[in-house]
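S.K.: For reference, the sequence and a predicted model appear below.
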Amino acid sequence: MNAREEVLARIAAAYRAASPAELSYGDITREYRTTSDLQAAGLIELLIDRLVDYRALVRQCGADDLGAEIATALSNRGAQTVVAPTGLDPSWTRGFSGSVLTDGVSPDDQLSVSELDGVDGVITSCAVAIAETGTLILDGSPGQGRRVITLIPDYHLCVVFADQIVADVPDALVRLEATRPLTMISGPSATSDIELNRVEGVHGPRTLEVIIVNRSE
């Protein structure tokens, strides 16, 4: 069998294995894994492992210590000015000694691209975090704001609560509204050229820092 025949044979085999055209969408079997046996501690451990592998920075704290942890993270970063969506809990940044610029919903309350480019970072909440893939999902809710505010600043500080962490993609999808503007973040912005030289900060923040918060502490 030559290469052409092998390719055609594979296509034919895939076609024979495919669901028949008359099969309705509702009757398609979904036998892939949709749940996990991991408990909260295991999900947190797995998410941290993935985030660190992606070169993100990770912190953990209890709910009562969140404001102080945010202030420490921003101080260690050397940030003087950060942007936050108007819906972010103001107590989160109360301990920060620098300036907090807010970005709103209406055009009159939104920062320009040049203003966003001039800040030291952005702080947001999160909609869902996927432990298996190390992915943070933002859905444009009040505490997350416009997509652009997380793409231009060089540093993104994202707060994730432990009960927002799910095992895998199917678990995440049931928590999300598909019509919202979903942004999926798996580590700092990075790309590699043909020689596998990694370049960070190409189409988003060069540094991603995540604070995982346990509400029960």
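M.R.: Good, I have the coordinates.

S.K.: contacts, neighbours, all on C-alpha from now
M.R.: Fine.

S.K.: Need the phi and psi values for the residue most central in space within the chain.
M.R.: When C-alpha atoms, centre = their mean is applied to the chain, the residue found nearest the centroid is Leu136 (2.1 Å). Per-residue torsions, Leu136: phi -100, psi 130 (degrees, to the nearest 10).

S.K.: Compute the first-to-last residue distance for stretch 114-125.
M.R.: 23 Å (C-alpha to C-alpha, to the nearest Å).

S.K.: How about stretch 81-99?
M.R.: 5 Å.

S.K.: returning to what we had before: what about the closest residue to the residue nearest to the centre of the chain other than its chain neighbours, which SS state?
M.R.: Closest residue to Leu136 apart from its sequence neighbours, by C-alpha to C-alpha, 6 or more residues apart in numbering: Ala129 at 4.4 Å. State at Ala129, reduced to three classes by DSSP: H, G, I helix; E, B strand; the rest coil: strand.

S.K.: how many neighbours does Ala129 have?
M.R.: 30 (other C-alpha atoms under 10 Å).

S.K.: Any figure for the gap between it and Arg146?
M.R.: 18 Å.

S.K.: OK, contacts around the residue nearest to the centre of the chain?
M.R.: Cys126, Ala127, Val128, Ala129, Ile130, Met184, Ile185, Ser186 (C-alpha atoms under 8 Å, 6 or more residues apart in numbering).

S.K.: And the pLDDT at it?
M.R.: Note on Leu136: pLDDT of 98.

S.K.: Okay, strands next: where are they in the chain?
M.R.: Ranges of strands within the chain are 57-62, 81-85, 99-103, 121-124, 128-130, 135-138, 155-161, 165-166, 183-185, 190-192, 198-200, 207-214, based on DSSP state E.

S.K.: out of these, nearest to Gln39?
M.R.: Of all those, strand 165-166 sits nearest to Gln39, with 9.6 Å by C-alpha to C-alpha.

S.K.: partners of that closest one, with directions?
M.R.: strand 128-130 (parallel) (DSSP bridges).

S.K.: Flag every buried residue along stretch 170-179.
M.R.: Across stretch 170-179, burial judged by 16 or more other C-alpha atoms under 10 Å covers Asp171, Ala172.

S.K.: Since that was my last question, I'll sign off now.
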